[in-house]
Structures are given as structure tokens and as C-alpha cells.
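In: requesting a structural model of the entry that follows:
(2 chains, ligands or ions: 2)
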Amino acid sequence: MHAVEETPRLSTFLSQIANGLVLGSLIALIALGYTMVYGIITLINFAHGEIFMVGAYGGLATLTYILPTAIATTWYFALPIALVAGALVAMLIAVAMERFAYRPLRNAPRLAPLITALGVSVALQEAMRVFYPGATAALPFPNLFVEGAVVIPIGDGVVIRYVGILLVVMSLVLAFGLERFIERTRLGRAMRATSQDRDVARLMGIDPDRVIVLTFAIGGALAGVAGVLYGSYLNNINIDMGFQNGIFAFTAAVLGGIGNIRGAVVGGLMIGLVKALAGQYMPGGTAYDYVWIFVVLIAVLVFRPQGFFGESERVRA
Amino acid sequence: MAFLSVRDLVVAYGAIQAVRGVTFDVEQGQIVSLIGSNGAGKTTTLRTLSGLLRPVSGTIEFDGTPIQKMPAHEILSRGMAHSPEGRRLFARMSVEENLRLGAYTRKDEAGIAQDMQRVYDLFPVLGERRTNKAGLFSGGEQQMLAIGRALMSRPKLLMLDEPSMGLSPIMTQRIFDTVRELRDEGTTVLLVEQNALAALALSDKAYVIDLGRTTLSGTGAELLADPRVQEAYLGENVGT
Ligand SMILES: Nc1ncnc2c1ncn2[C@@H]1O[C@H](COP(=O)(O)OP(=O)(O)O)[C@@H](O)[C@H]1O
Ligand SMILES: [Mg+2]
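Out: Numbering: from 1, shown residues only, chains lettered A, B, ... in the order given. Ligands and ions are numbered 1, 2, ... in the order given. The predicted model follows:
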């Protein structure tokens, strides 16, 4: 008799774990951009959430206005094309942002680029609201992956949509690929060198401007992919999606230890899980789920101010 | 025209002029030293030569080309390498990665491997610990790695800023012997030192920098014998 009572509870719990992992890997993908940019130029790019948002709209525009309907509705064409389009649009915005908003302030006091980032964030939101047809309201976004779900037969059943699985797998593969790139390649080594000591990187023949552009480009492309996956999973997008998820992703980067790739992934997954479980089990439900994210953030920072994977100080020879 | 020729160099940090008139020449195949007390402007001069700082005025010609307006990575590609004051290794990277970064602008994998081996032959302790993080090394070992890293670009001119800083007399001797060896193999060396005695003993030519200006010059032996140099720069260093 006991088991009959327990299984529905277990299935609810497992469903929320699955939801949390999906949301978390999305946040992780966005958090990579925050953490990379911070690692190279110690700037919190508060407009990074908007890059994610613009990527989603770039993907949607491609599906709506560029691709013929027959292709836009065939998932194995539409998915890769929308992902690449979203990544390119987001990459372009990220690179332009660096070139025109942040580079002129490279040697300015720290507060100047930070305030500029907030300005860029608002400007991008308003520009999209004004110029994207119909963007004053949420827009429907098609599921670009095969419909349907895996159902694990526990209690009422744990339903995991295929598109959710795609999202988790893609995020983890991209994060893993990024880490390999940074650890193993010549350009990755140049990125680490620039992050550790920019002047000495210059003495090695590295052009920091190119490394910085590369960093924004990679972070932007990942955010664009995240934007398209987000639309595909939630089936609608809106102008505020960048602000909300940007804050979660920024929190994830800090939680994991800002500047650290693995930290961003762990931080993202943790925030996804906290949000999903708190929405289910804590008083106030989903209306207050984000409160618990910040409770966790504060709790972690009290005991480990540098985050999970951060270094307590930057070691220099 | 000399291999490296610096004329009337003036460099400022904002309103503060740190270098107010530095003029000197470096001939190919020589060790040339810049000596002077702390704050004289030696490091500022080297940082300007390698393109990290822009001069207010003056000219720098290297191998026949004016370089005072070039970005640092181009200057490196032209054959000047700079091992900075305080060594500034990439502490969280291994010996091997530090060396690879020294060869960043090169594409010839075989040549890079060969030069890496040459650094390990020059400093066997680096070869034994090639996968260890640079930050864990002693001062002398770090200095070896800093020199090795600068050599990895196959420079025609090697600039060393205070390589003896914080090292024991034995380690200082070891490093200076290596500098001499490199010169004998054909690398031109521009050496900045506060340890004037050791530097002058090694140098083919030397310049004294005082309050941002080159004031005296001569062969190493001449300056060692000069009473003005003895009084101002050799007193506290005798015996080390
Ligand atoms: N980053 C800096 N900003 C302002 N002043 C500096 C800076 N670096 C050095 N200086 C000043 O420039 C002068 C020359 O310094 P430096 O070139 O380091 O001398 P040296 O290497 O001969 O000891 C000193 O007065 C020093 O205080
Ligand atoms: Mg100095």
C-alpha cells in the first residue's frame, strides 16, 4: 500500500528534475558567454542576455521570412538552419557590441563599460520591440525537433520531451567542446594567456583585440543557439526572455566561479534544478521560484565567495 | 646604422615623464646593458621598445625599420623578444605551454619542437618538469623559463629586464653564463640590470640611465673603471 502513495510523488519529483536539467542546460549555455567575456576583460556584459534574445528572433525570422514553408516545416532542415542562423545573428550582434560599445572604453574606469552594458541591453530590447514585426507581444515559435516524448513508467509517468533531451545533449556537447577548444588549441591557449596577463600575451605576439573579438563571437554564437533551442522548447519567445534568463545565467556564472567554463555548466544546472524543485515544493510555488535561486547564490557566496570552481585569487608569477 | 638604434626617446605615464631622452645603439652579436638605479626608466624603455607603450617622441629603428608605431605582435614577428621584469610567467600553465606561447607566432611545428628541446638542453630542470605548472617553480627556475619562453620566437634581439632579480649569487652567475652562451651563438642581447657589477662584467657595451636620460656610455670594462659609475652604482654591489 505504501508504494501506491509514494510513486506519484516520485514521478512528480523526477519530472521536476528533468525540467530542471533542461532549463539548467539552457542557462549553462548562456552562462558560458558571461564567464568567457569576464575571464578575458573582467567585464560583466549585462547585455549578453539580449544577445540570446536576438538569436532567438534571428532564428524565427529565418524560419518565417526566408525559408520556404516546405523546408521550414521539415525538422531536419529547419533545425540546423535555424540554429546556424540564430548563432550567426547573435554572433554578429556580440561582435558589433564589442567593437562599438566596449572597445572604445577599454582603458576607461570599470564603471563606464558596465553602465554601457546596461544601456546596450535596454537599447537592444527596445530596438527589437520597435523593428521586429509583432514583437510587442510574445510570438509563437515552432518546435524544430521531432514531436513526442519519452515516458518513463513511474507513478503517473515521467514525461520527457524529445526536444528537451536535444537541448540538454546539445548544451553539454557544446560546453564540452568549448572546454576542449580552450584547453587544447593554439587559439584557446591565446585566450587563457590573454586572460592571465594581457601585456605578456602581447609580448608573445598575441593580438588581444583579436582574442577579445573571438571571445565575444563564441559567447554570442552559443547564446544564439540557446535562443533557438529555447524557442523550440517553450514554443514562444518574447522580448523580455533575455533579461530574465540573462540574470539566471549571470548568477550561474558567479555560482560556478566566474571565468570558469565548468563552473558555468555546474552553476547553470544547479540553478535549473533549484528553480524547478522550488517551484514544485516551496511555499509560493512557481511565482517565487526565482527567490530561491538568489537564496542559494547568497548561501554559496557566504561560504565560497569565489564560487565552486573559482580561484580565491589570481595567481601570478 | 646600428642593429637597434634608439634616439631621443621620451615616454610618459599620463603627465609623468618616466623617460626624458634616451639614446643608444645595439650592434648585432653584442651584449649591451642599460644600468641605473631603481626608477631610472629602464623598464619603461624596454616596454616601449617592444611596443607595449607608445613614445611621446623619439625614434626606434630595428634592423633598418622604424618600429616606434608598430603594435607589439608585429615587433615580435620582426625578431625582438622581451622577457619582462618580474618574469611574469603564465603561472597556471605548464612549462611546455609557456614555451608554446613563446612560439605563438610560428607555424613550423618541427622547428618549434627542436627549439623546445634546445631550451631543455640549456636548462635541463625545465625538461624534467615540463608538465608542471610554472607558478610552483623557484625564482631561478622561473627565470630560466622566462628566458626560454622568450627564445622560442627565435629572436634576433633578446631583451631581458632584471633577470637576476631576487636570485642567489650562484643562480645569477648561472643565468649570466647562459646569456653569454646565447650571445656566442649569435643572439644579440639587450640587458637591463640593477646588478651593475655583474652586468658590466658581461657586456660588450653599456649605457647608464639616470632620471630618464642616458648619461654615460662605454664598453663594460670602461664603465667598470669609471669613478662616477663606481661611486653611484657599484658600491653596494661589490662582493655579490
Ligand atoms: N605604470 C606606471 N604608471 C605611472 N608611473 C610609472 C609606471 N611605471 C613606472 N612608473 C614610473 O616611471 C619611472 C621609471 O620607472 P621604471 O621604468 O620602472 O624604472 P626602472 O625600471 O629603471 O626601475 C619611475 O618613477 C616609476 O615610478
Ligand atoms: Mg625596472
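In: and chain B, which residues reach ligand 2?
Out: B:43, B:85 (CB under 5 Å from the ion). Where you see a C-beta, it was placed from the backbone N, CA and C, and this is true even at glycine.
In: flag the shaky bits of chain B, pLDDT-wise.
Out: Within chain B, the stretches with pLDDT under 70 are B:236-240.
In: element containing the most centrally placed residue in it?
Out: Nearest to the geometric centre of chain B sits B:Leu160, at 1.5 Å (CA atoms, centre = their mean). B:Leu160 belongs to strand B:157-161 when assigned by DSSP states H and E.
In: gap between that strand and the chain center?
Out: From the chain centre to the centre of strand B:157-161 is a distance of 2 Å (CA atoms, centre = their mean, to the nearest Å).
In: could you point out which element follows the top helix by length along chain A?
Out: Secondary structure of chain A read by DSSP state H shows that its longest helix is helix A:2-41. Remark: after helix A:2-41, the chain's next helix or strand is helix A:48-61, criterion DSSP H and E.
In: returning to what we had before: tell me the mean pLDDT over the longest helix of chain A?
Out: Helix A:2-41 comes out with an average pLDDT of 89.
In: residue contacts, the residue nearest to the centre of chain B?
Out: Going by CB atoms under 8 Å, 6 or more residues apart in numbering or on different chains, B:Leu160 touches B:83, B:147, B:150, B:179, B:189-192.
In: got it, and A:Ala149?
Out: A:159-162.
In: ok, 6 Å please
Out: For A:Ala149, the contact set (CB atoms under 6 Å, 6 or more residues apart in numbering or on different chains) comprises A:159-161.
In: now swap in B:Val32 and tell me
Out: B:26, B:190, B:205.
In: so it belongs to a strand, correct?
Out: Yes. Under DSSP: H, G, I helix; E, B strand; the rest coil, B:Val32 falls within a strand.
In: how about the secondary structure of B:Arg92?
Out: Judged by three-state DSSP, the three-state class of B:Arg92 is coil.
In: could you give the number of residues near it?
Out: Other residues within reach of B:Arg92, judged by other CB atoms under 10 Å in any protein chain shown, total 17.
In: and if you look at A:Gly188?
Out: Neighbours around A:Gly188, by other CB under 10 Å: 16.
In: grab the nearest non-local neighbour of B:Ala18.
Out: Among residues not flanking B:Ala18 along the chain, B:Thr44 sits closest, at 4.3 Å (CB to CB, 6 or more residues apart in numbering or on different chains).
In: element containing that neighbour?
Out: In the assignment (DSSP H and E), B:Thr44 maps to helix B:42-49.
In: quick one: buried residues of the helix or strand following that helix?
Out: Scanning forward in sequence from helix B:42-49 by DSSP H and E, the next helix or strand is strand B:57-62. Across strand B:57-62, burial judged by 16 or more other CB atoms under 10 Å in any protein chain shown covers B:58, B:60-62.
In: the host helix or strand of B:Ala18 and ligand 1 in contact?
Out: Element membership for B:Ala18 (DSSP H and E) is strand B:16-26. Yes. Using CB under 6 Å from any ligand atom, a contact is recorded between strand B:16-26 and ligand 1, made by B:16, B:18.
In: so A:Gly164 is in contact with A:Leu21, correct?
Out: No. At 8.1 Å, A:Gly164 does not count as touching A:Leu21 under the criterion of CB atoms under 6 Å.
In: quick check: next helix or strand after the longest helix belonging to chain B?
Out: Criterion DSSP H: the longest helix present in chain B is helix B:169-184. With elements assigned by DSSP H and E, the helix or strand that comes after helix B:169-184 is strand B:188-193.
In: which secondary structure elements does the helix or strand following that following strand contact?
Out: On the C-terminal side of strand B:188-193, the nearest following helix or strand under DSSP H and E is helix B:196-202. On a contact count with 3 or more CB pairs under 6 Å, 6 or more residues apart in numbering or on different chains; DSSP states H and E, helix B:196-202 meets strand B:31-35, helix B:220-225.
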